[in-house]
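Asker: Just a sequence and a predicted model for now, questions to come.
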Amino acid sequence: MHAVAPLRPLPAHREPAHLLSLVRQAWGGQSDLWVFGYASLIWRPEFEAVEQRSAKVHGWHRALEMTSRINRGTPECPGLVFALVPGGSCRGVVYRIARDRVDDELPRLWEREMPNSVYDPRWLPCHTDAGPITALAFTLSRESPNYTGTMDEARLLEVFRTACGRYGTTLAYLMETARCLRSRGIRDRGIERLVALARAHALTD
């Protein structure tokens, strides 16, 4: 895999605590809080929600284009995880956290998703069968040093064969996301192509 730039100290405006404070201010504490999940938050949310709905966002799409040096890879052998990047649309799941549970659940979510402030948290309009809602989503800028862009097949196969972090391999992460989306009736042609690539090279059943 290509060389990855070393991690640098975060500027003050990118510190996790500062970004969490901004999200709290925007939420305001007067209502329940919605969270949009598009990959592992669908099959392993790890926070308490009182409702969930299928949802779609426009202007963003799911892409296996973010470097993972801990969860699905290492600094020496980085893996990949899905990110929500600009363009297109994405079907996923929105979760409603009860207002009186946000102070407990949001820090847990932040510790999981934002320990290194890789993502840009945004409030995105989401379309659901029960009506529109606005949800917190974790997006990735194409200017981020963690954004890989589109990889060719040879590089993807190298990652699928070698990358493994504290939560397992990039390949297992891909396959679990694909399985979970299928079980919810969500079709993602980009994921289907990645799964077909792995199967064509006998990396998975």
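Answerer: Received the coordinates, thanks.
Asker: Name the residues that touch the helix or strand hosting Leu109?
Answerer: Under the criterion DSSP states H and E, the helix or strand holding Leu109 is helix 102-113. Contacts to helix 102-113, defined as CB atoms under 8 Å, 6 or more residues apart in numbering, come from residues 16, 20, 23-24, 27, 29, 32-33, 35, 41, 46-48, 97, 119, 138. To be clear about C-beta, it is placed using only N, CA and C from the backbone, and glycine gets the same treatment.
Asker: elements contacting the biggest helix by length in the chain?
Answerer: When the chain is scanned for its longest helix (criterion: DSSP state H), the result is helix 170-183. Judged by 3 or more CB pairs under 8 Å, 6 or more residues apart in numbering; DSSP states H and E, helix 170-183 is in contact with helix 40-43, strand 79-97, helix 153-162, helix 189-200.
Asker: hey, which of those is tucked in deepest?
Answerer: Of all the helices and strands packed on helix 170-183, strand 79-97 carries the top mean neighbour count, a mean of 21, counting by mean count of other CB atoms under 10 Å.
Asker: hmm, back to that, of the contacts of helix 102-113, select the buried ones using a ChimeraX command.
Answerer: Of the contacts of helix 102-113, the buried ones go into a single ChimeraX selection, burial set by 16 or more other CB atoms under 10 Å:
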select :16,20,23,24,27,32,33,35,41,47,97,119,138
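Asker: which of the contacts of helix 102-113 lies closest to Ala200?
Answerer: Ala200 lies nearest to Leu41 out of the contacts of helix 102-113, by CB to CB, at 28.8 Å.
Asker: how close does that closest one sit to Ile133?
Answerer: For Leu41, the distance to Ile133 (CB to CB, to the nearest Å) stands at 16 Å.
Asker: contacting residues around the spatially most central residue of the chain?
Answerer: The residue lying closest to the centre of the chain (CA atoms, centre = their mean) is Ala83, at 4.5 Å. Ala83 makes contacts with 62-63, 65-66, 119, 139-140, 147, as judged by CB under 8 Å, 6+ apart.
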